[in-house]
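**Student:** just coords:
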């Protein structure tokens with residue numbers, strides 16, 4: 001069968017390849033799905049509801065695949081994930097109210113666009129700067145019981161963990177933090193997600209590390225666990241109105257099924273500081289792409305939409321390639337270190 005539901009072979013190959021790239025990013029960062037897919041579909045000419053609905057369906061499928069791989073690696077904190085879901089859900093509702101008010105007074109488009117670019121770029125600069133000055137590049141160290149070395153916990157997270165408001169929760173890596181502070185962080189990230197109208201993975205993942213103090217791989221895995229629920233609900237609602245196009249979703253998922261597992265596996269190989277650098281670069285390029293698109297809308301220059309799409313696709317290709325290369329290098333280094341030991345034992 002040369003076509004799937006009216007989509008030609010060229011588009012099938014394009015969507016499958018794009019799904020592979022995004023799957024690597026999704027499994028590695030715990031974000032990048034709708035952030036990349038929805039703008040690409042819009043520029044390709046799909047209706048907004050189809051672009052959003054199909055993007056959410058893809059996010060749901062990919063997050064399930066990636067979460068299962070992170071679960072196998074012991075990088076999902078279910079207790080923290082459920083608490084974050086509760087807090088972010090409340091925050092999203094409040095954020096939506098703020099957005100609706102801005103729509104009522106006619107300022108939503110401008111404020112949301114500017115806030116999105118500033119937040120995306122700001123987090124990108126912060127994460128990249130912190131990673132580059134992060135010291136020995138060895139990632140987070142754990143003791144014999146699997147607990148994080150206190151010197152590797154971000155200063156902000158140390159401050160938050162120092163507030164002892166019962167009940168206290170013990171999370172993966174030996175992190176201990178107040179239940180109320182977890183819910184507060186979750187509410188704040190949900191508030192931003194609801195206000196900006198985005199999934200919020202690029203907000204939650206750094207918040208889990210820098211504010212709560214869990215290791216980066218666990219932050220990624222737990223964020224993906226949350227996205228299973230939010231993506232599932234969103235895609236179900238859009239599917240009810242016929243806005244999920246399976247001819248888009250199926251080839252995307254075919255590519256991401258491999259990519260998500262590769263990306264998730266790479267988190268256990270690549271240094272944590274490198275993960276943060278790649279994450280920061282991804283956000284910075286995303287901020288540039290969104291800014292170019294918004295400028296194109298203001299100046300009525302459709303060509304800038306295409307430039308924005310090229311930046312998005314280029315960012316996906318660049319960062320996923322860097323992730324794959326780093327993981328391969330780590331595997332080769334591990335093999336070269338184990339080879340002399342094996343020869344000696346013989």
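**Tutor:** Good, I have the coordinates. This is a predicted model, so every value here is computed, not measured. Numbers count the residues shown, from 1 in each chain.
**Student:** going forward, measure contacts and count neighbours with C-alpha atoms only.
**Tutor:** Noted.
**Student:** where are the low-confidence patches of the stretch 1-150 of the chain?
**Tutor:** Counting by pLDDT under 70, the ranges of the stretch 1-150 of the chain that qualify are 1-8, 30-36, 39, 43, 108-109, 134-150.
**Student:** now what about the host helix or strand of residue 193, what contacts it?
**Tutor:** Secondary structure from DSSP states H and E places residue 193 in helix 179-196. Here helix 179-196 makes contact (C-alpha atoms under 8 Å, 6 or more residues apart in numbering) with 83-99, 112, 115-116, 160, 165-169, 199-200, 203-204, 207, 211-212.
**Student:** Return the distance of residue 225 relative to residue 218.
**Tutor:** Note on residue 225: its distance to residue 218, by C-alpha to C-alpha, to the nearest Å, is 10 Å.
**Student:** any shared contact partners between those two?
**Tutor:** In contact with both residue 225 and residue 218: residue 76, using C-alpha under 8 Å, 6+ apart.
**Student:** what about the closest residue to residue 176 other than its chain neighbours, how many neighbours?
**Tutor:** Closest residue in space to residue 176, ignoring its immediate chain neighbours: residue 170 at 4.5 Å, by C-alpha to C-alpha, 6 or more residues apart in numbering. By other C-alpha atoms under 10 Å, 13 other residues sit near residue 170.
**Student:** is it true that residue 170 touches residue 212?
**Tutor:** No: the pair residue 170 / residue 212 is not scored as a contact, 11.3 Å apart, by C-alpha atoms under 8 Å.
**Student:** Next, show the common contact partners of these two.
**Tutor:** residue 177.
**Student:** is it fair to say residue 177 lies in a strand?
**Tutor:** Yes: the assignment for residue 177 is a strand, going by DSSP: H, G, I helix; E, B strand; the rest coil.
**Student:** count of neighbours near the nearest residue to it once chain neighbours are set aside?
**Tutor:** In space, and not counting its chain neighbours, residue 177 is closest to residue 161: 4.9 Å by C-alpha to C-alpha, 6+ apart. Residue 161 has 20 neighbours, counted by other C-alpha under 10 Å.
**Student:** residues touching residue 161, list them.
**Tutor:** By C-alpha under 8 Å, 6+ apart, the residues touching residue 161 are 176, 177, 178, 212.
**Student:** State the number of residues packed around residue 223.
**Tutor:** 30.
**Student:** Hmm, it is touching residue 201, no?
**Tutor:** Yes: counting by C-alpha under 8 Å, residue 223 does reach residue 201; the two are 6.7 Å apart.
**Student:** pLDDT wise, what is residue 166 at?
**Tutor:** We note a pLDDT of 86 for residue 166 in this prediction.
**Student:** So residue 54 sits against residue 241, correct?
**Tutor:** No: using C-alpha under 8 Å, residue 54 makes no contact with residue 241, being 11.8 Å away.
**Student:** out of the two, which sits in the more crowded spot?
**Tutor:** residue 54 (30 against 11).
**Student:** Roughly how far does the more buried one sit from residue 48?
**Tutor:** Counting by C-alpha to C-alpha - residue 54 and residue 48 are separated by 10 Å.
**Student:** hey, where'd the helices end up in the stretch 151-300 of the chain?
**Tutor:** 155-162, 179-196, 201-207, 216-240, 246-266, 272-299 (DSSP state H, counting those that start in this stretch).
**Student:** out of those helices, nearest to residue 332?
**Tutor:** helix 246-266 (13.1 Å; C-alpha to C-alpha).
**Student:** Pull out the buried residues from the closest one.
**Tutor:** Using 16 or more other C-alpha atoms under 10 Å as the test for burial, helix 246-266 gives 247-266.
**Student:** And that helix, what does it pack against?
**Tutor:** helix 9-29, helix 48-72, helix 303-345 (3 or more C-alpha pairs under 8 Å, 6 or more residues apart in numbering; DSSP states H and E).
**Student:** Can I get those in TSV including distance to residue 192?
**Tutor:** Shown next, in TSV, are the helices and strands packed on helix 246-266 (distance: least, C-alpha to C-alpha, whole Å):
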stretch	distance to residue 192
helix 9-29	19
helix 48-72	18
helix 303-345	22
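**Student:** Of the ones you listed, which is nearest residue 123?
**Tutor:** That would be helix 9-29 among these, by C-alpha to C-alpha, at 13.8 Å.
**Student:** what about stretch 156-166, distance to the chain center?
**Tutor:** 25 Å (C-alpha atoms, centre = their mean, to the nearest Å).
**Student:** Stretch 93-108 too?
**Tutor:** On C-alpha atoms, centre = their mean, the centre of stretch 93-108 falls 25 Å from the chain's centre.
**Student:** Counting neighbours, what do you get for residue 283?
**Tutor:** Around residue 283 there are 26 residues (other C-alpha under 10 Å).
**Student:** Does it touch residue 117 like I think?
**Tutor:** No: in this structure residue 283 lies outside contact range of residue 117 using C-alpha under 8 Å: 9.5 Å.
**Student:** for residue 47, what are its contacts?
**Tutor:** Neighbours of residue 47 in contact, by C-alpha under 8 Å, 6+ apart: none.
**Student:** ok, now the one 4 residues further on?
**Tutor:** Contact analysis of residue 51 by C-alpha under 8 Å, 6+ apart lists 37, 38, 39, 41, 42.
**Student:** Serialize those residues to CSV and add fields for distance to residue 125, secondary structure and neighbour count.
**Tutor:** Formatted as CSV, those follow (distance: C-alpha to C-alpha, whole Å; DSSP: H, G, I helix; E, B strand; the rest coil; neighbours: other C-alpha atoms under 10 Å):
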residue, distance to residue 125, secondary structure, neighbour count
37, 23, helix, 25
38, 24, helix, 21
39, 22, helix, 22
41, 27, helix, 20
42, 27, helix, 17
